[in-house]
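J.: Sequence and predicted structure, then a few things I'm wondering about:
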Amino acid sequence: MTQDTPPTHQHMLDLIQQLNDYSYAYHVKDAPIVPDAVYDRDYQRLQAIEAQHPDWIQADSPTQRVGEKPDSGFANVAHTVPMLSLDNAFDNESLSDFDQRIQKLLNADSAEPITYCCEPKLDGLAISLRYEQGRLVRGVTRGDGLSGEDITSNIKTLYSVPLALRTDMPPAVLEVRGEIYMPKEGFEKLNALAQEKGEKAFVNPRNAAAGSLRQLDPKITATRSLVMCAYSIGYVEGWTQPTSHYEGLKQLSEWGFRINDLMTQTQGAQGCIDYYEMLNERRAGLSYDIDGIVYKVDDIALQNQLGFIARAPRWAIARKFPAQEEMTRIVGVDFQVGRTGAITPVARLEPVFVGGVTVSNATLHNKDEIARLGVMVNDYVIVHRAGDVIPKVVQVVVEKRPDNATEVVFPEACPVCSSDLEQVEGEAIIRCTGGLVCGAQLKESLKHFVSRKAMDIDGLGDKLIEQLVDQQLVKTPVDIFTLHEKKDTLLSMERMGQKSVEKLLSSIEQAKSTQFNRFIYALGIREVGEATARALTGYFVELDALMSADQEALVEVEDVGPIVAQHVKLFFDQDVNRDTIQGLLNAGVAWEKKAAVSADDLPLFGKTYVVTGSLSQFSRDQVKDKLQALGAKVSGSVSAKTDCLVAGEKAGSKLTKAQSLNVPVIDEAGVIALLTEHGVI
Ligand SMILES: NC(=O)c1ccc[n+]([C@@H]2O[C@H](COP(=O)([O-])OP(=O)(O)OC[C@H]3O[C@@H](n4cnc5c(N)ncnc54)[C@H](O)[C@@H]3O)[C@@H](O)[C@H]2O)c1
Ligand SMILES: [Zn+2]
């Protein structure tokens, strides 16, 4: 439908059908088919047609009613006072229009601004709670506005719902309205759990809240982290309400209800707009989802004077935030290689405006996520973007899958360096094995390569590495050892004087004579930390032996399990890695061969140490190194299996734990004596 062709009656009927289908999926099935933004746009289109042709309006139009009649197993209860919907404003202009409309309807003097109560529009579901003589008797969903579902037993599992009002003199009858929602953290946990169990995840916290509340078994509801916040008094008997809505909220708070702490009063349209700007800034950082702000005329007498239209009060409006979820199409999938070699599939999208920016890429995380979503190229998908977080694909709109949808094919080799890819069993991430030569990983692997515990090249800091890589002076670690041939270029670089260049070149020269274990550690093989490098080199002694070791031989090494063995084998299987190692040896990197030491000959073999607190003569890392050199295992936490705790100054919980488990404790002097005795210091 374009602007030039006037909408026909059939257009309107189609829109109604479409919107009612969306609404049924959303309200009854708790499983929306399209994002709210799509629903809202179609809804506005329908409103526009109906405004032009009031005689066309039908009773089953969504503009004439609230929600849907539920079809669940709960009893239906009529509301004492209907629970209505809210009119929407999508920009500041419509908000100002709203304020002007109110002034006009009230014949108000425009010099005297209207007082509004501003409330975050919590994105959950509306509930009405009935208290008789101060006791909770019933909790009912909004349903279709006239009647809803009696979900009292589920409601009672929420700690934020008072079972009795905190007062000796309660109103004879009180109906409180509020929103039940699921904070973001609870939502993420719930979905992680669903994923573990292979169950379907919820699309957003609102649907998770609705689905959790409408469980026939309250025990399930009880396990879900749901919160209820009160936002108005729906009906009352035997008590005189305050004249201000805001004061009413404060009373509810005193009676034991939770109210949102960002609710406040403001004056006129400008006050409302300022509040919007403030909350829009804070939105992403809140621990719960909000989809807008509700502004209510604060004076109850004025509210009554203004009254209602078909499905919404005249005295309130919901100003919606820009949508965080939108629908668009995936036109292709790219594979990006991260700094650590992780391959991330990224969906290329038909550009879409979501979360305040135009988005044309969204992450698909990994292979498992692609399978979980069941996503295909050319699919329509829902893209989510909140705050500065990377946009992600959260759902496939299966109903709209086109005939030309094709499967997402994962590459066989790294798209940057063509090395083999590896996926460790039990891990979702697929990685490139070309750590040392992969352009995508180069900076990070070089930083590791030159670090203190690896090749220990002084003067080659992170900044300099980045410059060297950016200027293409260093493409592999081998190039570091030929930098002396490029002295002039080095001198021309920022902050590189004669002295610093010379110092750098001399420490590179010095670093050539290293140790076998440092060399292996420097290669940056996945899961091969210092201790493992030491164990591998102690066992194999010769580089050739280590490089040609198979899985079986590798797992013979103390502390090397099948996963580490797999990483090591894959690394040395890559021609590019073998070439790089050869290049390093040709450039003069060398170490003194040590005789094979059998681990069980070492004095502390089989003992587990933990080091904690601050030491004055040595760093904790130095002490750990030396203990490991003597064959000890150094662990990060104290358990009954710990043989000794080295506790420096200000040792905390580890010391307490060791004492409670009767683990022997030695201080700095004690460990120095031990290390001296074995000749390592
Ligand atoms: N995606 C879909 O397929 C689909 C289908 C139908 C409806 N929807 C969505 O549902 C919404 C429309 O439904 P609606 O009638 O519930 O209107 P609404 O959500 O725009 O506004 C009314 C509701 O706001 C909530 N609310 C939160 N804080 C409040 C406060 N402080 N004071 C008063 N109310 C507060 C209450 O639950 C209340 O029932 C739209 O956001 C629409 O996008 C989506
Ligand atoms: Zn690569």
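T.: Received it, and whenever you're ready, just let me know what you need. Ligands and ions are numbered 1, 2, ... in the order given.
J.: And for the residue nearest to residue 187 when sequence neighbours are not counted, the neighbour number?
T.: For residue 187, ignoring the flanking residues on the chain, the nearest one in space by CB to CB, 6 or more residues apart in numbering is residue 205 at 4.1 Å. All C-beta atoms are positioned from the backbone trio N, CA, C, and that covers glycine. Burial of residue 205 is recorded as 24 neighbouring residues (other CB atoms under 10 Å).
J.: try residue 653
T.: Neighbourhood size, residue 653 [other CB under 10 Å]: 10.
J.: contacting residues for the residue nearest to residue 187?
T.: When contacts are counted by CB atoms under 8 Å, 6 or more residues apart in numbering, residue 205 is found next to 123-124, 181-184, 186-187, 288-289.
J.: any idea which helix or strand of the chain has the worst average confidence?
T.: In the chain, no helix or strand scores lower on mean pLDDT, DSSP states H and E than helix 620-629, which sits at a mean of 86.
J.: and the very next helix or strand once past that one, which strands flank it?
T.: Counting by DSSP states H and E, the element after helix 620-629 in chain order, helix or strand, is strand 633-635. Taking DSSP bridges as the criterion, strand 633-635 forms sheet pairs with strand 608-612 (parallel).
J.: what about the strand it pairs with, average pLDDT?
T.: In this model, strand 608-612 has an average pLDDT of 94.
J.: now stretch 567-587
T.: For stretch 567-587, the per-residue pLDDT averages 93.
J.: what's the answer for stretch 107-118, then?
T.: The average pLDDT within stretch 107-118 is 87.
J.: Contacts for it next, please.
T.: 99, 102-103, 106, 244-246, 249, 263-269, 271-272, 275, 293-299, 302.
J.: Could you rerun that using 7 Å?
T.: Residues lying outside stretch 107-118 but in contact with it, judged by CB atoms under 7 Å, 6 or more residues apart in numbering, are 99, 102-103, 245-246, 263-268, 271-272, 275, 293, 295-299.
J.: I'd like to know which of these are buried.
T.: Taking 16 or more other CB atoms under 10 Å as the criterion, what is buried in the contacts of stretch 107-118 is 99, 102-103, 245-246, 263, 265-266, 268, 271-272, 275, 293, 295-299.
J.: Quick check: buried residues in stretch 515-535?
T.: Under the neighbour-count rule (16+ other CB under 10 Å), stretch 515-535 has 515-526, 528, 530-535 buried.
J.: tell me the domain boundaries of the chain?
T.: Structural domains annotated on the chain: 9-64, 84-320, 325-400, 442-591, 599-677, as defined by automatic domain parsing.
J.: With distance to ligand 2 as extra columns, can I get those in a markdown table?
T.: Output for the domains of the chain, formatted as a markdown table (distance: least, CB to the ion, whole Å):
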| stretch | distance to ligand 2 |
| --- | --- |
| domain 9-64 | 36 |
| domain 84-320 | 28 |
| domain 325-400 | 5 |
| domain 442-591 | 9 |
| domain 599-677 | 31 |
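J.: got those as a markdown table, with distance to residue 74 columns?
T.: As requested, these are arranged in a markdown table below (distance: least, CB to CB, whole Å):
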| stretch | distance to residue 74 |
| --- | --- |
| domain 9-64 | 12 |
| domain 84-320 | 4 |
| domain 325-400 | 27 |
| domain 442-591 | 50 |
| domain 599-677 | 49 |
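J.: So which of these is nearest residue 76?
T.: Taking CB to CB, domain 84-320 is the member of those nearest to residue 76, at 5.1 Å.
J.: what about the closest one, near ligand 1?
T.: Yes - applying CB under 6 Å from any ligand atom, one finds domain 84-320 in contact with ligand 1 at 85-86, 88, 119, 121-122, 125-126, 142, 179, 231, 294, 318.
J.: Would you state the helices of the stretch 451-600 of the chain in chain order?
T.: Taking DSSP state H, counting those that start in this stretch as the criterion, the stretch 451-600 of the chain contains helices spanning 462-470, 487-491, 498-511, 516-522, 530-540, 543-547, 551-555, 562-573, 575-586.
J.: Output the third one as CSV, nothing but the C-alphas.
T.: In other words, helix 498-511. As requested, C-alpha coordinates have been extracted for helix 498-511 and formatted as CSV (Å, rounded to 0.1, in the frame of the first residue of the first chain):
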residue,chain,number,x,y,z
GLN,A,498,68.4,5.9,18.4
LYS,A,499,68.7,4.8,22.0
SER,A,500,65.4,3.0,22.2
VAL,A,501,65.9,1.2,18.8
GLU,A,502,69.2,0.0,20.0
LYS,A,503,67.9,-1.2,23.3
LEU,A,504,65.1,-3.0,21.5
LEU,A,505,67.4,-4.7,19.0
SER,A,506,69.7,-5.8,21.8
SER,A,507,66.9,-7.4,23.8
ILE,A,508,65.7,-9.2,20.7
GLU,A,509,69.2,-10.5,20.2
GLN,A,510,69.3,-11.6,23.9
ALA,A,511,65.9,-13.3,23.7
